[in-house]
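Visitor: For reference, the sequence and a predicted model appear below.
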Amino acid sequence: VQECPVSINPLDIILQLRRYLVMEESNSPQEWTTMFGNVENNFAPWKVSPDDRDKWTSEMAGQDKF
């Protein structure tokens with residue numbers, strides 16, 4: 001970004017606007033909305049509960065990670 005004559009960084013304005021649209025107006029692509037809902041409800045971007053993730057990892061105990 002080239003410097004604005006009055007030292008206004010247009011990228012900062014664009015980022016603030018996008019952040020407002022996503023966080024305050026819930027204006028984002030559907031995939032993002034789904035991911036944000038999963039993070040809020042499941043603490044991860046996947047639609048799998050923490051208990052199910054713990055169960056899955058305990059079933060993997062003793063197996064190679066690769």
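Guide: That came in fine, so what should we check first? Small disclaimer: the values here were computed from a predicted structure and weren't measured. Numbers count the residues shown, from 1 in each chain.
Visitor: From now on I want contacts and neighbour counts done on CA atoms only, so please keep to that.
Guide: Will do.
Visitor: where does this protein dip in pLDDT?
Guide: Where the chain drops to pLDDT under 70, the residues are 1-4, 65-66.
Visitor: now do 80
Guide: 1-5, 7, 61-66 (pLDDT under 80).
Visitor: which residue ranges form the helices in the chain?
Guide: 10-23, 30-42, 50-59 (DSSP state H).
Visitor: Adding mean neighbour count as columns, could you present those in JSON lines?
Guide: Shown next, in JSON lines, are the helices of the chain (neighbours: other C-alpha atoms under 10 Å):
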{"stretch": "helix 10-23", "mean neighbour count": "12"}
{"stretch": "helix 30-42", "mean neighbour count": "14"}
{"stretch": "helix 50-59", "mean neighbour count": "11"}
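Visitor: Point to the residue nearest the middle of the chain.
Guide: Nearest to the mean C-alpha position of the chain, by C-alpha atoms, centre = their mean, lies F36 at 5.7 Å.
Visitor: show me the residues around the closest residue in space to that residue that isn't next to it in sequence that make contact.
Guide: Spatial nearest neighbour of F36, excluding adjacent residues (C-alpha to C-alpha, 6 or more residues apart in numbering): P45 at 7.0 Å. Listed by C-alpha atoms under 8 Å, 6 or more residues apart in numbering, the contact set of P45 reads M35, F36, N38, V39.
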